[in-house]
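**Q** give me the fold of what follows.
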Amino acid sequence: MNLAPLHDRVIVKPSEPEEITKGGIIIPDTAKEKPQQGEIIAAGSGRVNDEGKVLPLTVKKGDKVLYGKYSGTEITIDGEEYLMMRESDIFAIIK
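**A** Residues are numbered from 1 along each chain as shown. This next block holds a predicted model:
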């Protein structure tokens, strides 16, 4: 991918929504919820504070993260769906 986010923005590849519940029920496409977790594909250099210093991001490429249901902006790159969001839209890193 030839895209580098600026400042405190990251690009996230959302996880695929679950097709089958743990109980074995198949979920139709119309009932699937938007995923709220994904993997960081690219990260910016960091947030610039009021003094002009760059504060590095907590997340990095390859981290699996949880984010808000309606966070970020959906973008399509080379036919793949991604989300671009600020680091502050990310709730947690999955370890």
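**Q** mind listing the residues bridging to the most centrally placed residue in the chain?
**A** Central residue of the chain (Cα atoms, centre = their mean): Val12, 3.0 Å from the mean position. The partner list for Val12 in beta bridges (DSSP bridges) reads Ile40, Leu83.
**Q** contacts only, for it.
**A** Residues near Val12 by Cβ atoms under 8 Å, 6 or more residues apart in numbering: 38-41, 65, 67, 72, 82-85. Using the backbone N, CA and C atoms, a C-beta is placed for each residue, glycine as well.
**Q** which one of those is nearest to Arg47?
**A** Checking these against Arg47 with Cβ to Cβ, the nearest one is Met85 at 13.2 Å.
**Q** quick check, the closest one in contact with Asp8.
**A** No: Met85 lies out of contact with Asp8 (Cβ atoms under 8 Å); the separation is 9.6 Å.
**Q** which pLDDT does the model give Lys53?
**A** For Lys53, the pLDDT comes out at 90.
**Q** okay, now the unreliable bits of this structure?
**A** When residues are selected by pLDDT under 70, those of the chain lie in 1, 17-35.
**Q** could you pull up phi and psi at Tyr70?
**A** Backbone torsions of Tyr70, given as degrees, to the nearest 10, read phi -110, psi 30.
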